[in-house]
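Trainee: missing the sequence, but the structure's below:
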């Protein structure tokens, strides 16, 4: 394991979240390693997306969050935008922009306040559009394309930031199997480059490709560990009420329905 992997992408202390009178997250002490892919999984309502938003600084929570060893609240907005790239759900405010301009938004943290995009910015945007197979509709507006195409454009924007840490909330929504596979290959390539990736996933067979899983239930972390560990598989089966089974197919673990009879 290299030095990047022994460091922490995130460290939290007593991280909590209240929404009205309801406790969504219960004082989480969490360490997410750098230079690896960590997938947050669990049933609906477990607090997965809320945790991801607190790590990104998008919700006002209780407790402390450190990003790459530095308290998150001490980052300037510009510094944080360069360090941490975010892909969320239902980002509808960009619909009037062209696909090309949406991806160029990922380069804004690297530009001067009134500066025009550089040749390097355009080269990065072009590369990410080709990587996500969205180049052909670069001049169409985001609101005109399908859900799966839209999701790939938003991924291209995130990749264009070239940040050392990436957070993605349900990045596989609306993606067909070939593009889910490409997403998986892209994440693996990012990790090889030393990027830290944290994703919320409902697709357990894909999540089991991650380096480690963070298993959540009712606002608490019930297990964190390597995705291939038996203890991790037992925790997954437990939080999903024994309705799934983790089994090996070839060299890879996957999740299948536990059908009675």
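Mentor: Structure's in. What do you need? Keep in mind the model is a prediction, meaning the values are calculated, not measured.

Trainee: quick one: the nearest residue to residue 258 once chain neighbours are set aside and residue 78, what's the gap?
Mentor: Computed as Cβ to Cβ, 6 or more residues apart in numbering, the closest residue to residue 258 that is not its neighbour in sequence is residue 245, at 4.8 Å. From N, CA and C alone the C-beta is placed, and that goes for glycine too. According to Cβ to Cβ, to the nearest Å, residue 245 stands 47 Å off from residue 78.

Trainee: if we can go back for a sec, for the residue nearest to residue 258, list the residues it contacts.
Mentor: Contacts for residue 245 were tallied using Cβ atoms under 8 Å, 6 or more residues apart in numbering; they are 237, 255-258.

Trainee: Of those, which is the nearest to residue 46?
Mentor: Residue 46 has its nearest neighbour among the contacts of residue 245 in residue 237, at 14.8 Å by Cβ to Cβ.

Trainee: At the geometric centre of this protein, which residue do we find?
Mentor: Central residue of the chain (Cα atoms, centre = their mean): residue 168, 2.2 Å from the mean position.

Trainee: what about that residue, helix or strand, and which?
Mentor: Counting by DSSP states H and E, the element that carries residue 168 is strand 165-169.

Trainee: Neighbouring strands - and their directions - for that strand?
Mentor: In the sheet, strand 165-169 lines up against strand 84-87 (parallel), strand 196-200 (parallel) (DSSP bridges).

Trainee: that older thread, helix, strand or coil for the residue nearest to residue 258?
Mentor: strand (DSSP: H, G, I helix; E, B strand; the rest coil).

Trainee: Let me see the contact set for residue 133.
Mentor: Contact analysis of residue 133 by Cβ under 8 Å, 6+ apart lists 152, 179, 182.

Trainee: likewise residue 95?
Mentor: 141-143.

Trainee: Check residue 105 too.
Mentor: Here residue 105 is in contact with 94, 97, 157, 160 (criterion: Cβ under 8 Å, 6+ apart).

Trainee: circling back: would TSV of the contacts of residue 133 with secondary structure and distance to residue 82 be doable?
Mentor: TSV is the format used below for these (DSSP: H, G, I helix; E, B strand; the rest coil; distance: Cβ to Cβ, whole Å):
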residue	secondary structure	distance to residue 82
152	helix	23
179	helix	27
182	helix	26
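
Trainee: Among the residues you listed, which one is most surrounded by other residues?
Mentor: Using other Cβ atoms under 10 Å as the neighbour test, the contacts of residue 133 are led by residue 152, with 25 neighbours.

Trainee: How about it, nearest residue that isn't a chain neighbour?
Mentor: In space, and not counting its chain neighbours, residue 152 is closest to residue 132: 4.3 Å by Cβ to Cβ, 6+ apart.

Trainee: any idea where the helices of this protein begin and end?
Mentor: For the chain, the helices defined by DSSP state H occupy 3-6, 48-56, 77-83, 99-104, 119-131, 147-161, 177-192, 204-207, 230-239.

Trainee: In a markdown table, list the ones you listed along with distance to residue 250 and mean pLDDT.
Mentor: A markdown table is the format used below for the helices of the chain (distance: least, Cβ to Cβ, whole Å; pLDDT from 0 to 100):
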| stretch | distance to residue 250 | mean pLDDT |
| --- | --- | --- |
| helix 3-6 | 26 | 49 |
| helix 48-56 | 28 | 97 |
| helix 77-83 | 37 | 95 |
| helix 99-104 | 36 | 96 |
| helix 119-131 | 27 | 97 |
| helix 147-161 | 27 | 95 |
| helix 177-192 | 15 | 95 |
| helix 204-207 | 12 | 96 |
| helix 230-239 | 16 | 97 |
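
Trainee: I'd like to know how many residues surround residue 81.
Mentor: So residue 81, with other Cβ under 10 Å, has 17 neighbours.

Trainee: Nearest residue to it in space, please, no chain neighbours.
Mentor: residue 109 (3.8 Å).

Trainee: Quick one: residues contacting that neighbour.
Mentor: Residues counted as contacts of residue 109 (Cβ under 8 Å, 6+ apart) are 78, 81-82, 161.
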